[in-house]
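[1] this one's structure only:
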């Protein structure tokens, strides 16, 4: 949805913008599809594995159906809702057998639309329908794509994300990812037709530190303004260079532009072109 700006009544207001919620049709989530959510502050087994995380507003987790395994059962979109855990909107769908599920809402769907997940039946290429890649027309835009059959949606789930189906040849389908990477996946993998909703979410300007803290993100400090004990770039008076040939992480590993992908991964053979137009070596 479009972004809304207020009059600059305060310094924080002057730089900030907010989402519009005209597309949201329900204010309370489906109780049976929510779970308690406890913030872990970026910790795993008590150790901080992701820095600059903590606090944040209290919220409940909405259980999203990434698999959509109820084949050939038509469903109706009941509500379009806000989800505090993601930029995209979510949709509450009710199947003909009475089961309710949350899915990532495709762009341009509205309450009352009918969608279906199928592997065999002949259905129209309607936004929100979920089909195997081999049954989707070439050039179509899809999202919530599986990397392996029956594994559930893994890629293109964020707000405004989409993938273009470029070819289907042999046992693989060729996809052009949002990053520009071109790769193969099994033609049996499922994908949802259309683009993920709320494409303008990335245009929101948070404006002040407080709004970022509500999201559970703590301040990030440059290494060169730290002490030597805290960071390899630390130390010195006033403005100073980092004092070494290449930048490093707080743990002394090379940083900024160094490739971190493990070599000889099983999926390397499926990547035809690396992102940012870098050819696979």
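    Nice, I can see it. Given the structure is predicted, the values throughout are model-derived calculations rather than measurements.

[2] Please make it C-alpha for all contacts and neighbour counts, starting now.
    OK.

[3] Can you list the low-confidence ranges for the stretch 101-250 of the chain?
    For the stretch 101-250 of the chain, no stretch is flagged by pLDDT under 70.

[4] I figured residue 138 was touching residue 166, is that so?
    Yes - Residue 138 is within contact range of residue 166, at 5.7 Å (criterion: Cα atoms under 8 Å).

[5] Just the element for the spatially most distant residue from the centre of the chain, please.
    Each residue of the chain has a distance to the centre, and by Cα atoms, centre = their mean the biggest one is for residue 237: 41.1 Å. Using DSSP states H and E, residue 237 falls within no helix or strand.

[6] Could you measure from it over to residue 248?
    20 Å (Cα to Cα, to the nearest Å).

[7] mind listing the helices for the stretch 101-250 of the chain?
    Under the criterion DSSP state H, counting those that start in this stretch, the stretch 101-250 of the chain carries helices at the ranges 209-214.

[8] got the contact list for residue 60?
    Going by Cα atoms under 8 Å, 6 or more residues apart in numbering, residue 60 touches 34-37.

[9] want to throw the residues you listed into JSON lines with pLDDT and distance to residue 269?
    Putting these into JSON lines (pLDDT from 0 to 100; distance: Cα to Cα, whole Å) gives the following:
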{"residue": "34", "pLDDT": "97", "distance to residue 269": "39"}
{"residue": "35", "pLDDT": "97", "distance to residue 269": "39"}
{"residue": "36", "pLDDT": "96", "distance to residue 269": "40"}
{"residue": "37", "pLDDT": "93", "distance to residue 269": "38"}
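
[10] For residue 149, which non-adjacent residue is closest in space?
    Leaving out its chain neighbours, the residue that sits closest to residue 149 by Cα to Cα, 6 or more residues apart in numbering is residue 189, at 4.6 Å.

[11] Residue 91 contacts residue 103, correct?
    Yes - in this structure, residue 91 is within contact of residue 103 by Cα under 8 Å, at 5.4 Å.

[12] Looking at those two, which has the bigger crowd around it?
    residue 91 (27 against 22; other Cα atoms under 10 Å).

[13] Which secondary structure state is assigned to the more buried one?
    strand (DSSP: H, G, I helix; E, B strand; the rest coil).

[14] For it, list each beta-bridge partner.
    Listed by DSSP bridges, the beta-bridge partners for residue 91 are residue 80, residue 103.

[15] What score does it have for pLDDT?
    Among the per-residue scores, residue 91 shows a pLDDT of 97.

[16] Could you tell me which residues make contact with it?
    Residue 91 is in contact with 77-81, 102-105, counting by Cα under 8 Å, 6+ apart.

[17] and the two most separated of these?
    Across those, the longest distance by Cα to Cα is 13.2 Å; it joins 78 and 104.

[18] Endpoints of stretch 54-70, how far apart?
    37 Å.

[19] Counting neighbours, which bits of that stretch end up buried?
    Neighbour-count burial for stretch 54-70 flags 54, 56, 60, 62, 64, 66-68 (criterion: 16 or more other Cα atoms under 10 Å).

[20] Now intersect those with the strands, please.
    residue 62 (DSSP state E).

[21] would you list the buried residues of stretch 54-70 in a markdown table and tack on pLDDT and distance to residue 116?
    Listed next are the buried residues of stretch 54-70 as a markdown table, based on pLDDT from 0 to 100; distance: Cα to Cα, whole Å:
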| residue | pLDDT | distance to residue 116 |
| --- | --- | --- |
| 54 | 93 | 39 |
| 56 | 93 | 37 |
| 60 | 96 | 28 |
| 62 | 97 | 21 |
| 64 | 98 | 16 |
| 66 | 97 | 14 |
| 67 | 96 | 13 |
| 68 | 95 | 9 |
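
[22] Just grab the bridge partners of residue 165 for me.
    In this entry, residue 165 is beta-bridged to residue 175, by DSSP bridges.

[23] re earlier: which of residue 78 and residue 104 has more neighbours?
    residue 104 (26 against 18).
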